[in-house]
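Asks: Need coordinates for the following:
(chains A, B and C)
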Amino acid sequence: MSDRLTNDVVVKVAHLARLDLTPAEIERATEQLGDMLDHFADIDALDLSAVAPMNQPLPFVNVMRDDVVQPCLDRDEVLDAAPDAQDGRFRVPPIIGSGA
Amino acid sequence: MPPFSTASEIAARVRSGDLKAVDVLEQHLARIDARETEIHAFNLVIADAARQQAGAVDAIVAAGGDPGPLAGVPVALKDNMCTRGVPTTCSSKILAGWKPPYDGTVVSLLQRAGAVAIGKTNLDEFAMGSSTENSAFGPTRNPLDTDLVPGGSSGGSAAAVAAGFAPLSFGSDTGGSIRQPAALCGVVGVKPTYGRVSRYGLVAFASSLDQIGPFTHTVADAALALQVVCGHDPHDSTSIAEPLPDYSALLERGVEGLRVGRITDLPAGADPDVAERIEQAFDALAAAGATIVDVEVPAFTYGLTAYYIIAPAEASSNLARYDGVRYGLRVDAPDTHAMYSATRAAGFGDEVKRRILLGTYALSAGYYDAYYGKALRIRRLMADDFAKAYAQADVLLTPSSPSVAFPFGSKTADPFAMYLCDTYTIPANLTGEPGMSVPFGTGQNDLPVGVQVLAPALGEPVMLQVAAELERAATNLAVGSAS
Amino acid sequence: MTDTRWTHDGYEMVVGLEVHVELATKTKLFSASPNRFGDEPNTNIDPVTLGLPGALPVLNKYAVELAMRIGLALNCTVQPCTFARKNYFYPDMPTSYQISQYEDPLNVDGWLDLPDGSRVGIERAHMEQDAGKSTHVGGGEGRVHGAEHSLIDLNRAGVPLVEIVSRPDIRSPEQARAYVNELRAILLAIGASDAKMEEGSMRVDANVSVRRPGAELGTRCEIKNVNSVRSVGRAIEYEAKRQILMLEAGESIRQQTRHWDEGDGRTHTLRDKEDADDYRYFLEPDLVPVAPSAEWIEEVRASLPVLPAVRRARLAEAAGLAADSEAVGAIIDRGQDDYAFTVQAAGGDIGRAVVHMKEAFAEMGAEPTLPAADLAGLTTLEIEGKLTATQAKTVLGELIERGGGDAAAVAAEKGFEAMDTSELESMVDDAIAAQPDAWEKFRGGEAKAMGALVGHIMKASRGQADGKLVTQILNARK
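Replies: Residues are numbered from 1 along each chain as shown, chains lettered A, B, ... in the order given. Below is the predicted model of the structure:
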């Protein structure tokens, strides 16, 4: 088993990603992710400091649109698809704790 | 393999009034009736809506109007393409039953071209997988041998064409999810240049890698399909504005004078039966007048690592919107953050969770530079290496898949074993260059082998040109040469 | 330059302000739904606003232009820029990430000069999406804690924002308020935003730390929910004192986000920064970089109107008043300076005009209802000594009510006649004769004795003598 990853790290990452994991799942995830990171070790030794990152395949710039209103979606159609709605708004359980 | 009508044939006959779209549709629905239970290519067959659409096409023809270049052609759509009012589930519990309030651009273009949407096809959940075993609604079976996988993630779309359910289907390709299942099912599959086909309405997996593309029986059909769905879309900021060439123009040209590259440092891993067919492909092209050149792509070998960092990283962000607030599954909880965690735990399958965790980790403070930062630089190296290769060769040839179709469960124990299926297809996603798989003979157990043709950005015309030659050569293989 | 320093128990405050401004575009930043306040909930929605699967953002060009205007008005360098995703979960953020600018913002390295002469550095001014609105239902007083559920309206989600981040150059509550006011005046002048704090189109967060002058920077706390200019000053002062108290008690400051409560005048813990999520910023793959051309930048720069600071300086110089005087500030805020210069062009005295306009034109906008020539005529009478300041004020009131008129005629109606100097001289003679004791005392150096003499003259003239002139004459006769 890889020692690249500990359970603590996985628990933190799972919280960042808002995924409830059972203790068994945490164990398994730690193992599997650790294995994957081991596979990725082939890049550890590479010195890429002189290489610029490539975020996108295309060298576009300045794609913009005019400030013109377009038709909106139908609110009823949208709210019908919502798990819970009230008074034209999406309804959720109380928001406790930070957004950050 | 039974000869199924091609999209080109159907469209020509419907346009001329020789064939009715409704009859074409019934023929395909009958095939679906016969084998769909066995194959499970579809999450949903939309027979009634299809009948209405087919009827509308026939009405236009009867009135003397132009019904479009795909008139009456039944088309199957991967269930990660938004279709207004029709469930679009991404084969995930978290979107089970969700009906988009809008059509994706490609869906609209197909409808305007006269195509008849016949159903939404099965996929690996959120397009993450290479076998369609990760679907929350059960796997799709390979029509050529139902004990074997059709490949993935667009397994349903590939199987639909292979089984004759539709002459044309669409999938999405992020790391090979069109080209690999095309190879495993013995059909043609194309991933266009990134930005050539609009992503508006395609449920995002990895935004800088995803592209929609067609599955067809023939290269000519692929060219026809590309002519319809390629083009600039103002709804997609990454959409290419260059005008479209005539994709069918070079199909009969042959390969005299073209340079076909063999990547000498290609990662090992292809099974011998596959490797043999690729060799024969080189031989066939040489015999037809192409020059085979050796090229090197040193970064190729790091492609898998770069991809399995970049794709999950983008996916972890793209899938964060599935939180139970505005649509899809919700699992109740006393507060919103608990609701998110419970909803996502219940709604996502294991592979999706795995990739979300991996991607979140790769973007985290403290790990960003070691993983995501490095992966983006490998991507740059990859692009530079391919650019050098394309200075020496017009196209490159590789296997599409390291193996022919494999049995269910044979690669699910270790996630990485499944990831290796993408070894040869991944680079084209990282660089944004086009690639396609063309059936070229069979391997063990008479299962189809696919040859991958790679070309530089916007190189679809030469890619199709070489593919057409391989298609011609393949018929010779089937007829006379050694198996 | 005025020293606006604030100190308390030997500490100074170090404050930076982050101001979020909603841009005055017709549509949202990345989609074409209307950017409008006050509509029925969830009516200004589209796939991007809702964070629907398959939705893609497309940048609003006019938003970029307005963002550039803000940057140029703040003396920033406009540079090629990129968008990044800031990832966090919250019900009013439909994609669970905010598209913002991180490594390469549009505008960097500017500054804002305040009326008192001080300068506050601007680190950056970048574009980002606004979030929707959540209302909390049930529980106590609509506050988050103890609520039964929350309701989400996404009309505001996706509205274009510019976040203006100052350097921590602010050293007092007054300076902070002046910064906010000046920024607001600029935003209004360039048409970038209606900048209404009460409607949320301008929001201010303060980063506050304290230190002994010359020492290293202290740990800072971020203060949110500061909803008016007045609150800016109050919140900063409270927070600085809170931190000083803690330091003096030997405690250390924890880096936190705190919530300002205008009701009880205190900041309260919202969350610890240590608990804050890792935003996992990465370049937005669905958008491409924006590199405004030199031509476009110059076009925008040339289209900027004269900024408030320049207008203030011009008016102050012409009117002989201080640039940071209330009168000058008021006239500029209302946009009445063009009018004041028209009064000058019509032969009037702009100094007197400004003093009158400060009060009398308070409810008028940029197009005062009184013809400039009429005000000019009034000021001329004043300058010529034919009307006292008090009389002029009365005449002005009458002119405004009538929508105009001839000042001299109105003065005559009212029986105002400015007394000419010889009349005044003879009244002074009479007063001296009538109040010899007061006169002796005044001549002897008791300035207060003048009051009796002036009072006599005022009574005799039924208030029509010009007090200033009378004082001058008395002093000359001493």
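Asks: residue contacts, the closest residue to residue B:305 other than its chain neighbours?
Replies: Closest residue to residue B:305 apart from its sequence neighbours, by C-beta to C-beta, 6 or more residues apart in numbering or on different chains: residue A:40 at 4.7 Å. Quick note: C-beta positions are derived from backbone N, CA and C, even for glycine. Residues near residue A:40 by C-beta atoms under 8 Å, 6 or more residues apart in numbering or on different chains: B:305, B:308, B:309, B:371.
Asks: separation between residue A:40 and residue C:134?
Replies: Using C-beta to C-beta, to the nearest Å, residue A:40 is found at 40 Å from residue C:134.
Asks: Tell me where the stretch 51-200 of chain B has strands.
Replies: B:74-78, B:116-121, B:168-173, B:188-191 (DSSP state E, counting those that start in this stretch).
Asks: Let me have those strands in JSON lines, adding mean neighbour count, distance to chain A and mean pLDDT as columns.
Replies: As requested, these are exported to JSON lines (neighbours: other C-beta atoms under 10 Å in any protein chain shown; distance: least, C-beta to the nearest C-beta, whole Å; pLDDT from 0 to 100):
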{"stretch": "strand B:74-78", "mean neighbour count": "30", "distance to chain A": "19", "mean pLDDT": "98"}
{"stretch": "strand B:116-121", "mean neighbour count": "28", "distance to chain A": "17", "mean pLDDT": "98"}
{"stretch": "strand B:168-173", "mean neighbour count": "30", "distance to chain A": "13", "mean pLDDT": "98"}
{"stretch": "strand B:188-191", "mean neighbour count": "32", "distance to chain A": "12", "mean pLDDT": "98"}
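Asks: I'd like to know which of the contacts of residue A:40 is nearest to chain A.
Replies: Closest approach between those and chain A, by C-beta to the nearest C-beta: residue B:305, at 4.7 Å.
Asks: is it true that the closest one touches residue A:39?
Replies: Yes - here residue B:305 lies in contact with residue A:39, judged by C-beta atoms under 8 Å, at a distance of 7.0 Å.
Asks: Chain neighbours aside, what residue packs nearest to the most centrally placed residue in chain A?
Replies: The centroid of chain A falls nearest to residue A:17 when counting by C-alpha atoms, centre = their mean (6.1 Å). The spatially closest residue to residue A:17, leaving aside those adjacent along the chain, is residue B:360, at 4.5 Å (C-beta to C-beta, 6+ apart).
Asks: who in the stretch 151-300 of chain B is up against chain C?
Replies: B:199-204, B:206-208, B:234-238 (C-beta under 8 Å from any C-beta of the partner chain).
Asks: cutoff 7 Å now
Replies: B:199, B:200, B:201, B:202, B:203, B:207, B:208, B:234, B:235, B:236, B:237, B:238 (C-beta under 7 Å from any C-beta of the partner chain).
Asks: could I get those residues as CSV with secondary structure?
Replies: Formatted as CSV, those follow (DSSP: H, G, I helix; E, B strand; the rest coil):
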residue, secondary structure
B:199, coil
B:200, coil
B:201, coil
B:202, strand
B:203, coil
B:207, coil
B:208, coil
B:234, coil
B:235, coil
B:236, coil
B:237, coil
B:238, coil
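Asks: Among the residues you listed, name the buried ones.
Replies: Neighbour counting by 16 or more other C-beta atoms under 10 Å in any protein chain shown classes B:199, B:200, B:201, B:202, B:203, B:207, B:208, B:235, B:236, B:237, B:238 among those as buried.
Asks: Perfect, that will be all.
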